[in-house]
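Chemist: Okay, here's the prediction I keep looking at, along with the sequence it came from:
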Amino acid sequence: MTDKANESDPRLPYLEAVLPHVLFDGWSRTAMQAAAKDLDTDISTLDLAFPNGPIDMITLFIENADDRMEEELARQGVLDMKIRDRITLAIRLRLEMYAPHKEAVRRAVNILTLPAHAIQATKLTAGTVSRMWYATGDTSTDFNYYTKRLTLSAVYGSTLLYWLDDTSDNHQKTWEFLDRRIENVMQFETAKWKLREKLKQKPEFSQFPNPARFWRNLRVR
């Protein structure tokens, strides 16, 4: 994790101490206790940092990866690329951020799929996807805004699940899977453009509420 990220959230050193233990103990209080021991601090320090326990740690884990993704996209000059390449790179970078902690991601997904965490899981996915679009130059606020995020959520979610089970060298099969999904998106975008042109002829569909205030830099803490 980057020095910049550590400066932005004082809880990150605690998260970094927890992650090695997630492999054996999952996202749990046991992992927190082991991390506290490694840091030579009392468990109450981590309890204050993560009052809701595992779900708070997972939230920070995901949002920190989002931060790093945005930084890397900017560093690679994503806005100079074609839109297809921008989105492909965003998803690929996002998964590569997870690569050193693949088992932690798997265990996080298992927790987030529980009914009790459905709302949080939806918010976290929406936050990741929205930040992908903003980082790659999207400024839409109309019908396009909603469909882009719904489409990318499906692509990102399916690619993440494929990646978790991929044992190919350097996750090559995942990147091939991603390319196929992006091709589907491009086909959908063409069909959507045609639909939007038709809707422009109907005044009742000419205005959509502006969602940017809610979605921009969405944080769930």
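Modeler: Happy to help now that I have it. Residues are numbered from 1 along each chain as shown.
Chemist: Do me a favour and get the backbone dihedrals for residue 115.
Modeler: The phi/psi pair for residue 115 (degrees, to the nearest 10) reads phi -50, psi -30.
Chemist: Near it, how many other residues are there?
Modeler: Neighbour count for residue 115, taken as other Cβ atoms under 10 Å: 7. Placement of C-beta: from N, CA and C, glycine included.
Chemist: Grab the most central residue of the chain for me.
Modeler: Taking Cα atoms, centre = their mean, the centroid of the chain lies closest to residue 128, which sits 3.3 Å from it.
Chemist: Surely that one is in contact with residue 156?
Modeler: Yes - counting by Cβ atoms under 8 Å, residue 128 touches residue 156, with 6.9 Å between them.
Chemist: anything in contact with each of these two?
Modeler: With contacts taken as Cβ atoms under 8 Å, 6 or more residues apart in numbering, residue 128 and residue 156 have residue 94 as neighbours in common.
Chemist: In the strand or helix carrying residue 130, which residues are buried?
Modeler: According to DSSP states H and E, residue 130 maps onto helix 118-135. Of all the residues in helix 118-135, those buried under the rule 16 or more other Cβ atoms under 10 Å are 120-121, 124-135.
Chemist: quick one: contacts for residue 167?
Modeler: The contact partners of residue 167, by Cβ under 8 Å, 6+ apart, come to none.
Chemist: Look up phi and psi at it.
Modeler: Main-chain dihedrals, residue 167, degrees, to the nearest 10: phi -110, psi 10.
Chemist: Quick check: it vs residue 181, distance?
Modeler: 20 Å (Cβ to Cβ, to the nearest Å).
Chemist: Then residue 148?
Modeler: Distance, residue 148 to residue 181, by Cβ to Cβ: 14 Å.
Chemist: Straight-line length of stretch 106-120, end to end?
Modeler: 16 Å (Cα to Cα, to the nearest Å).
Chemist: so residue 139, which of the three states?
Modeler: coil (DSSP: H, G, I helix; E, B strand; the rest coil).
Chemist: That one - how many residues pack around it?
Modeler: Neighbour number of residue 139 under other Cβ under 10 Å is 9.
Chemist: about what we covered before: and the closest residue to the residue nearest to the centre of the chain other than its chain neighbours, what is it in contact with?
Modeler: Take residue 128 and drop its neighbours on the chain: the residue closest to it by Cβ to Cβ, 6 or more residues apart in numbering is residue 66, 5.5 Å away. For residue 66, the contacting residues are 94, 127-128, 131, by Cβ under 8 Å, 6+ apart.
Chemist: for these, which one is nearest residue 71?
Modeler: Distance to residue 71 across the contacts of residue 66 (Cβ to Cβ) is lowest for residue 131, with 11.2 Å.
Chemist: just for the chain, where's the confidence low?
Modeler: Applying pLDDT under 70 to the chain flags the ranges 1-7, 143, 188-221.
Chemist: and if we set it to 50?
Modeler: 1-6, 214-215, 221 (pLDDT under 50).
Chemist: which residues in it form strands?
Modeler: With DSSP state E, there are no strands along the chain.
Chemist: Which stretches in it count as helices?
Modeler: Shown for the chain, the helices assigned by DSSP state H span residues 3-8, 12-25, 29-38, 43-49, 54-75, 83-98, 102-112, 118-135, 143-164, 172-199, 212-215.
Chemist: Good, we can wrap up now.
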